[in-house]
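Asker: 3D, please:
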Amino acid sequence: MFDALLRFGLVAILTIGAYWLTRLLLARFALPLLRRSRPNWATPVERSRLPMLTALLVAVITLGLAASILTDAYPQINNLVRILDTAVGIGVITLLLATAASVALVIYEKLPLAKDVPLRGFVQLVQGGLYLIGALMIVAVFLGVPAIYSFTALAAIFAALSFVFQDPIMGFVAGIQLAANKMVAIGDWIEVPQYGANGAVQEILMSTVKVQNWDNTVTSVPTRSLISESFKNWRPMQVSGGRRMQRTVMLDVFSVRLLTPDLLARYPVLAETQRQIAAGDLDGSSLVADAAGQPTNLGLYRVYLNDYLLRHPRVNQSMTRIVHQLDGSDEGLPLEIYCFLLDIGWADFEMTAASMIEHVYATLPHFGLRPVQRPMSVDIGDPPHTAA
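Answerer: Purely as a prediction, here's the structure:
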């Protein structure tokens, strides 16, 4: 009895000693070395369970070796300890690999490449596979059957689960396609109207994509819907350095007139613009006169706006810019200003676009043009007031 207690006491002391010795070596040597060589890796490793699981794995190996030597005189107990040690070892290795995958993901997500190729969904799938394989191997150890039987059962389970969990599997495949084709990356601003998503991508998971909307709400979009259905991604606009401004001003068709001496005398800006075109200071190539050789005030105004866009500091001059008319209707003649602004941020873009359109409305009267507006009381006169 005393001999048995002594043997098992030695096994316990060796196992516990191996655990704490490993923890001490990791804390005194391995982790400080990692902080000096890879400081970006040290924090995720220290905050994870990797040091503890590594020490626990060493303790499990020590337990197996010590038990096989010190308890050989007790075959039944030795066999039980061996089975428990093997099962615990498989569990520790499974947790160690899954934790290492999580730490590697944290380190990877700090890289610039992670925005274009997210791997969170892939890591989740790998961890799920590790847990499933580890559980089957532990069951095989307790049942005393070869591990090949466990993998055969695993194949049968996967075949059955492929029918039950079709959506997660299809979502995972879609996530791989999204990452491979670089269709969506973390930080992209996307619009998916069918799911009410309009905001920045926060996470790309195995089956869903989390989008933080412009009002700070969060929408979960199925990953496979981004493959099978259409959506808008604003990243190319941000990369290109120009955001499209396409605004229309409705003009009164009766304010469009030929340039006559009386009109030029009434609106000095028209005369000055015509003089600059004649002198070559303004590009009048878009100005086409009628058969009598008389351009219109709207034609000169288009020349003026084209020059305004050319000189504007916030207009991207390497992209298309044009001032042209659309088809008229009973609501007036649409004049469209089409260009790309350097301000790609929403707030800055709207401020610049608003100031440009305000300039358009403010300069219309100087060219004898009028915008279309519904009649108001100030236009038709207030109704007469009667004494009470």
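Asker: Quick check: next helix or strand after the longest helix seen in the chain?
Answerer: Criterion DSSP state H: the longest helix present in the chain is helix 75-108. The helix or strand immediately downstream of helix 75-108 is helix 113-116, counting by DSSP states H and E.
Asker: Please give the centre-to-centre distance between that next one and its chain.
Answerer: Offset of helix 113-116 from its chain centre (CA atoms, centre = their mean, to the nearest Å): 9 Å.
Asker: Please shift the residue numbers so they start at 48 in all later answers.
Answerer: Sure thing, new numbering starts at 48, so read that last one as helix 160-163.
Asker: tell me the secondary structure for residue 380?
Answerer: At residue 380 the chain is in strand, as set by DSSP: H, G, I helix; E, B strand; the rest coil.
Asker: Look up how far residue 311 lies from it.
Answerer: For residue 380, the distance to residue 311 (CB to CB, to the nearest Å) stands at 22 Å. Every residue, glycine included, has its C-beta placed from N, CA and C.
Asker: how does this protein divide up, domain by domain?
Answerer: 49-211, 226-280, 288-414 (automatic domain parsing).
Asker: Now tabulate those domains in JSON lines and tack on distance to residue 421.
Answerer: Output for the domains of the chain, formatted as JSON lines (distance: least, CB to CB, whole Å):
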{"stretch": "domain 49-211", "distance to residue 421": "48"}
{"stretch": "domain 226-280", "distance to residue 421": "31"}
{"stretch": "domain 288-414", "distance to residue 421": "10"}
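Asker: export these to TSV and tack on mean pLDDT?
Answerer: Listed next are the domains of the chain as TSV, based on pLDDT from 0 to 100:
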stretch	mean pLDDT
domain 49-211	84
domain 226-280	87
domain 288-414	87
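Asker: For residue 217, which of those domains is the nearest?
Answerer: domain 226-280 (4.8 Å; CB to CB).
Asker: ok, how many other residues are close to residue 240?
Answerer: Residue 240: 11 surrounding residues under other CB atoms under 10 Å.
Asker: now the helices for the stretch 148-297 of the chain?
Answerer: 160-163, 167-190, 194-211, 213-228, 272-275, 282-287 (DSSP state H, counting those that start in this stretch).
Asker: quick one: buried residues of the last one?
Answerer: Taking 16 or more other CB atoms under 10 Å as the neighbour-count basis, helix 282-287 is seen to contain the buried residues residue 282.
Asker: Check the separation of the first and last residues in stretch 353-370.
Answerer: One end of stretch 353-370 to the other measures 6 Å (CA to CA, to the nearest Å).
Asker: That concludes my questions; thank you for your assistance.
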